[in-house]
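1. give me coordinates for this.
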Amino acid sequence: MPVIKVVIPAYNEEDSIAKVINDIPKSVDEVIVISNNSTDNTELNAKNAGATVLRELKKGYGNACLKGMDYIYQQKNKPDIIVFLDGDYSDYPEELTKIIQPILEENIDFVVGARTKELREDGSMTTPQIFGNWLATSLMKLFFKSTFTDLGPFRAIKYDKLLALNMEDKTYGWTVEMQLKVLKKKMTYKEIPVNYRNRIGVSKVSGTIKGAIFAGVKILSWIFKYSIK
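-> Numbers count the residues shown, from 1 in each chain. Presented below is the predicted three-dimensional model:
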């Protein structure tokens with residue numbers, strides 16, 4: 001059996017984090033929740049649900065993910081697959097088995113859970129999110145002949161391939177950086193349609209004008225950075 005670890009960045013997700021952890025398949029070796037400066041009971045609820053809880057005081061989605069990666073790197077026994085998942089319960093954690101299937105059965109390096117319109121709950125993605133995804137993936141198709149249709153946060157990657165990407169973005173550009181580097185390094189990839197529902201609580205990115213604009217700028221800057229290399 002492959003060793004699978006799940007990394008969940010979380011900022012003030014006390015109402016949802018236990019639901020996320022409890023729905024993750026039991027075949028997962030370890031669930032790692034990185035509390036990104038949470039001020040509520042996120043850490044306590046995650047620990048009570050059985051997760052390993054880390055704390056990252058530097059704000060930023062990427063900073064939290066990098067903290068999780070550093071923790072795994074320090075472990076003696078390395079995993080085969082890393083799964084990234086949000087802590088707001090918008091994804092269906094039980095679909096992890098679908099996400100990792102192409103890695104196990106087709107030897108694919110990287111898999112993105114695509115939030116297709118047919119499987120999205122009404123209102124689960126804001127208009128700026130939908131437009132941003134369309135623009136980013138369209139530019140990736142134009143510049144890199146990519147077939148990506150989404151920047152979905154629910155994703156799985158072989159651990160050795162993740163290390164080879166040398167991830168560095170500390171904020172909202174994390175997801176697009178990963179996909180761009182997969183393209184540049186000519187790794188194999190695939191999208192798997194996944195269900196998506198309205199999150200519990202208010203989004204820290206798409207729920208604010210500042211967050212949406214900052215995320216958009218970060219995503220586009222990564223794309224144009226790689227398009228001129």
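2. excluding covalently adjacent residues, which one is nearest to Asn198?
-> Leaving aside its sequence neighbours, Asn198 sits nearest to Ser124 (Cβ to Cβ, 6 or more residues apart in numbering; 4.8 Å). Where you see a C-beta, it was placed from the backbone N, CA and C, and this is true even at glycine.
3. scratch that, Tyr159
-> Nearest non-adjacent residue to Tyr159, counting by Cβ to Cβ, 6+ apart: Pro79, 5.1 Å away.
4. and that neighbour, what's its pLDDT?
-> pLDDT, Pro79: 98.
5. got the contact list for it?
-> Taking Cβ atoms under 8 Å, 6 or more residues apart in numbering, we find Pro79 in contact with Pro2, Val3, Ile4, Lys5, Asp29, Glu30, Ile72, Tyr159.
6. one more time with 10 Å, if that's ok
-> Applying Cβ atoms under 10 Å, 6 or more residues apart in numbering to Pro79 gives the contacts 2-6, 28-30, 72, 158-160, 162.
7. which SS state does it fall under?
-> coil (DSSP: H, G, I helix; E, B strand; the rest coil).
8. and the closest residue to Asp150 other than its chain neighbours, what does it touch?
-> Once flanking residues are discounted, Asp150 sits nearest to Ala114: 4.3 Å by Cβ to Cβ, 6+ apart. Taking Cβ under 10 Å, 6+ apart as the contact definition, Ala114 lies against 133, 137, 148-152, 154-155, 190-194, 196.
9. can you do 7 Å?
-> Contact analysis of Ala114 by Cβ atoms under 7 Å, 6 or more residues apart in numbering lists Thr149, Asp150, Gly152, Glu191, Ile192, Pro193, Val194.
10. tell me the pLDDT of the residue nearest the centre of the chain.
-> In the chain, the centroid-proximal residue (Cα atoms, centre = their mean) is Pro153; its distance is 3.0 Å. Pro153 is assigned 95 on the pLDDT scale.
11. element containing it, please.
-> Using DSSP states H and E, Pro153 sits in no helix or strand.
12. what about the strands in the chain?
-> Here the chain has its strands, by DSSP state E, at 4-10, 30-35, 52-55, 81-84, 110-114, 155-158, 189-193.
13. closest one to Glu95 among these?
-> Judged by Cβ to Cβ, the one of those that comes nearest to Glu95 is strand 110-114, at 6.9 Å.
14. closest one to Gly60 out of the contacts of Ala114, please.
-> Using Cβ to Cβ, the contacts of Ala114 come closest to Gly60 at Gly152, 18.9 Å.
15. can I assume the closest one is in contact with Val111?
-> No: counting by Cβ atoms under 7 Å, Gly152 sits too far from Val111 to count as a contact (10.1 Å).
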